[in-house]
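K.L.:
just need the structure, nothing else, for what follows:
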Amino acid sequence: MNGLYALYKAFTNRLGGAKQDFLPAAPVDAVPAGAPIVPTAPPPRAPLSDALPFLTTTIDNHFYPWLVDLTVFSDPPLTEFEAGALDSLKQTVTGQTFNTQMVPRLPAVIPQLMHSLKDEKISGARLAQQIAKDPALVGEVIRLANSPFYRRSRKIASIEQAVILVGQNGLRQLIARVAFYPILNLRSGSMTRLAGARLWAQSERCALICRCLAEKAQVDSFAAYLSGLVSNVGMIVGLHLMDQLLNTRQDGIPASSAFYEVFIAHSEKFSCRIVEEWGFPENVILAIHEKAEHGVDDATSELGKLLSQADQYSKISVMEEHRRLPEEIDINAMKRIPCFAQTALS
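P.N.:
Down below sits the predicted model:
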């Protein structure tokens, strides 16, 4: 997979050197009852060189084969069916009309809630009224409020109490996860069943790490969280398409570097197209576009740099969890990086 390796090697050089179960959203704005509120000066802005230490190796050459249960990709040329499937993916990415069958529209309540959550003065009662329109959201908000993370002595039963307890930051992240998780649809086919869960786990961890890096760099932390969560949405939808077009039961899942070089490139561009169609904030769209270009330089936005670093960290984290981390990566050094250590499970 020499072409893909060269792209990511250039990425690391430019940086400065050769369970599916949802994690609880951190209640940044939740204050324990009776705790004094002490005003503090904002911390000094962290320079990106401190917030983004470069990696000495790229994880991508190990991560992508692992997604489909391979050690490495092989070198055979594309088959006729693989080439046709990739051409269909390209047409889907570059087509004039948005494929609503492949990529569903977001539920109407999600954009409304996202808009409401930008208003710091909105009441908990108003948020509860909006959330009550979506039964899935009601269940998840109450479930989160009763999780051990919040350590309540009494069970929360009403959506109004849950909204107040979780807080606006927690709601933003919870709503984002609930909105995008159905896209995974693990029952769609062999490739999605195999790679989809791992890719979603990495996306959730990428979102958490990106948010942490953003908080340290004083960049919009929710935009960072959202960028990490949806940066792989094009690849997840691409897996669905491959399941429809390839006979993986007969021919097996593709194993060639030639296939995945093209698949990854088209999928990342597809992520850009999807978030544009969904009307995401411009800084999120830009960051995902910059990630798709496989390059980080002085012209890259701050959020784009954070997303690229969080992407690498999260891949290391999930591979460490599954005991598939390559020996050349010093995991002890990684665990000394605060934003990595917060989400590492081992």
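K.L.:
residue ranges with poor pLDDT in the stretch 1-150 of the chain?
P.N.:
The stretch 1-150 of the chain contains residues with pLDDT under 70 at 1-57, 97-101, 104-112, 114, 117-118, 120.
K.L.:
tell me if I'm right that residue 302 and residue 219 touch.
P.N.:
Yes: when contacts are counted by Cβ atoms under 8 Å, residue 302 is listed as touching residue 219 (5.2 Å). Any C-beta I mention is one placed from the backbone N, CA and C, and that applies to glycine too.
K.L.:
between the two, who's got more neighbours?
P.N.:
When residue 302 and residue 219 are compared for neighbours, residue 219 comes out ahead with 23 against 19, by other Cβ atoms under 10 Å.
K.L.:
so the more buried one is in which element?
P.N.:
Here residue 219 is covered by no helix or strand, with elements defined by DSSP states H and E.
K.L.:
now it: how far from residue 303?
P.N.:
According to Cβ to Cβ, to the nearest Å, residue 219 and residue 303 sit 6 Å apart.
K.L.:
residue 317 too?
P.N.:
20 Å.
K.L.:
who has more neighbours out of those two?
P.N.:
Ranked by neighbour count (other Cβ under 10 Å), residue 317 and residue 303 place residue 317 first, with 27 against 24.
K.L.:
now the one helix or strand that one maps to: average pLDDT?
P.N.:
Following DSSP H and E, the helix or strand that holds residue 317 is helix 302-321. Helix 302-321 comes out with an average pLDDT of 94.
K.L.:
and stretch 285-299, by the same measure?
P.N.:
The average pLDDT within stretch 285-299 is 89.
K.L.:
dump it to PDB, restricted to CA.
P.N.:
Only the C-alpha atoms of stretch 285-299 are listed here, as PDB (Å, rounded to 0.1, in the frame of the first residue of the first chain):
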ATOM      1  CA  ILE A 285     -16.800  21.400   7.100                       C
ATOM      2  CA  LEU A 286     -13.400  23.000   6.600                       C
ATOM      3  CA  ALA A 287     -11.700  20.700   9.100                       C
ATOM      4  CA  ILE A 288     -13.200  17.600   7.600                       C
ATOM      5  CA  HIS A 289     -12.200  18.800   4.100                       C
ATOM      6  CA  GLU A 290      -8.600  19.400   5.300                       C
ATOM      7  CA  LYS A 291      -8.500  15.900   6.800                       C
ATOM      8  CA  ALA A 292      -9.600  14.500   3.400                       C
ATOM      9  CA  GLU A 293      -6.700  16.200   1.800                       C
ATOM     10  CA  HIS A 294      -4.200  14.300   4.000                       C
ATOM     11  CA  GLY A 295      -2.100  17.400   4.700                       C
ATOM     12  CA  VAL A 296      -1.400  19.600   7.700                       C
ATOM     13  CA  ASP A 297       0.600  22.800   7.100                       C
ATOM     14  CA  ASP A 298       0.700  26.400   8.200                       C
ATOM     15  CA  ALA A 299      -2.500  27.100   6.100                       C
END
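K.L.:
buried stuff in it?
P.N.:
285, 286, 287, 288, 289, 290, 291, 292, 294, 296 (16 or more other Cβ atoms under 10 Å).
K.L.:
show me what the host helix or strand of the first one is packed against.
P.N.:
It refers to residue 285. Taking DSSP H and E as the criterion, the element that holds residue 285 is helix 282-292. On a contact count with 3 or more Cβ pairs under 8 Å, 6 or more residues apart in numbering; DSSP states H and E, helix 282-292 meets helix 221-230, helix 257-277, helix 302-321.
K.L.:
which elements pack onto the first one?
P.N.:
Okay, so that is helix 221-230. Packing partners of helix 221-230 (3+ Cβ pairs under 8 Å, 6+ apart): helix 159-180, helix 197-217, helix 257-277, helix 282-292, helix 302-321.
K.L.:
between helix 257-277 and the shortest one, find me the angle.
P.N.:
Using axes from the mean of the first three to the mean of the last three Cα atoms, to 10 degrees, the interaxial angle of helix 282-292 with respect to helix 257-277 works out to 170 degrees.
K.L.:
contact partners of helix 282-292?
P.N.:
Outside helix 282-292, the residues that touch it by Cβ atoms under 8 Å, 6 or more residues apart in numbering are 220, 223, 226-227, 230-231, 265, 268-269, 271-272, 275-276, 296, 300-301, 303-304, 306-308, 311.
K.L.:
likewise the third one?
P.N.:
Taking contacts as Cβ under 8 Å, 6+ apart, the residues outside helix 257-277 that touch it are 1-4, 64, 73-78, 82, 86, 89-90, 92-93, 98, 103, 230-235, 237-238, 242, 254, 284-285, 288-289, 291-292.
K.L.:
quick check, pLDDT for residue 346.
P.N.:
As predicted, residue 346 sits at a pLDDT of 37.
K.L.:
quick one, what contacts residue 280?
P.N.:
Contacts of residue 280 by Cβ under 8 Å, 6+ apart are 226, 230.
K.L.:
mind telling me what element residue 324 is part of?
P.N.:
Using DSSP H and E, residue 324 falls outside every helix and strand.
K.L.:
so the residue lying closest to it once chain neighbours are set aside is in which element?
P.N.:
Of all residues not flanking residue 324 in the chain, residue 66 sits nearest, at 5.3 Å (Cβ to Cβ, 6 or more residues apart in numbering). For residue 66, the enclosing helix or strand under DSSP H and E is helix 60-67.
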